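Q: quick one, fold the following:
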Amino acid sequence: MSATGARLRDPLQRAERATQILDVAAELLLRHGYRRVTVDDVATGAGVGKGTIYLHWNNREELFTAVFAREVLRAVGELVQALQHDPGVCLLHRLARAYFLAIMNRPLLRGFIVTDADLLGKLAKPRGGASEDRHRLMSRSYFQLLAERDLLRTDMNVDAIAYAFQATFEGFLHAEAATPVAMIAGEAQASLDQRADLLARTVERAFESRSTIPRRVQQSLAGRVVDLLTQLTDADRGDLGLAET
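A: Next up, the predicted model:
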């Protein structure tokens, strides 16, 4: 057995090597786009043999799919940090704003969401499986927590609100694809923040009740949401075989 093969038997080293390879793949995807990046390019950039990459992923598409899955993990990680810093982010309109910015400030994830064909190629296709099921279950659990605390409107059931919210949120994401990007960086970010504020106002008026909750209840709710998100990301990271990032 080769030294590389022996090292990759260690779970931590294997996860660290996977993370290193994904770092290189992400950089190359941003620079050149999906169609122009090969497994050989990634192997060269990561300083490993091509065979080492195939110890982690069966083919090129699986490798690049893992890049975008990791971007989702990182965006959700930003939500967890926001909730820990400010429990008020647990409210639907504020969580929507935070997640919108987490996505749009990540070029690869933004490309995935808005189906940027030049960047993503075949990867801009819906994927199913255990991860998608977990995300769906987490979302429903979150809406149930809000409903239990009378934070959602009562003339619609929870599933209807969740569906309408998802459609609204995705509509804002896709509208962003048509937004001019040839702007001064500061102006572009200010404009993005304004659209995030618009999303928050829309969500608040369309789906939330006028109820308020005490600070201690808000903190408890935020803790529950952090738990849901942490369980989700831990499971997704385990599926991807990644180290902490």
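Q: C-alpha only now, for contacts and for neighbours.
A: Noted.
Q: what about Ala96, neighbour count?
A: 23 (other C-alpha atoms under 10 Å).
Q: now what about the helix or strand encompassing it, what contacts it?
A: Per DSSP states H and E: Ala96 is located in helix 92-104. Residues outside helix 92-104 that contact it (C-alpha atoms under 8 Å, 6 or more residues apart in numbering): 72, 75-76, 78-79, 82, 88-89, 109-110, 146, 169, 173, 192-193, 196-197, 199-204, 208.
Q: kindly write the PyMOL command that selects the buried subset of the residues you listed.
A: A single PyMOL command suffices to select whichever of those are buried according to 16 or more other C-alpha atoms under 10 Å:
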select buried, resi 72+75+76+78+79+82+88+89+109+110+146+169+173+192+196+197+199+200+202+203+204+208
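Q: identify those among the contacts of helix 92-104 that sit within helices.
A: 72, 75-76, 78-79, 82, 109-110, 146, 169, 173, 192-193, 196-197, 199-204 (DSSP state H).
Q: where does pLDDT dip in this structure?
A: 1-9, 112-129, 177-190, 242-245 (pLDDT under 70).
Q: which stretches in it count as strands?
A: Applying DSSP state E to the chain gives no strands.
Q: all helices for the protein, in order.
A: Using DSSP H, helices in the chain cover 3-7, 11-32, 39-46, 50-56, 60-85, 92-104, 107-113, 117-120, 130-148, 158-176, 185-207, 215-240.
Q: for the residue positioned nearest the centre of the chain, which residues are in contact?
A: The residue lying closest to the centre of the chain (C-alpha atoms, centre = their mean) is Val72, at 2.2 Å. By C-alpha under 8 Å, 6+ apart, the contact list for Val72 reads 103, 109.
Q: cheers, nothing more for now.
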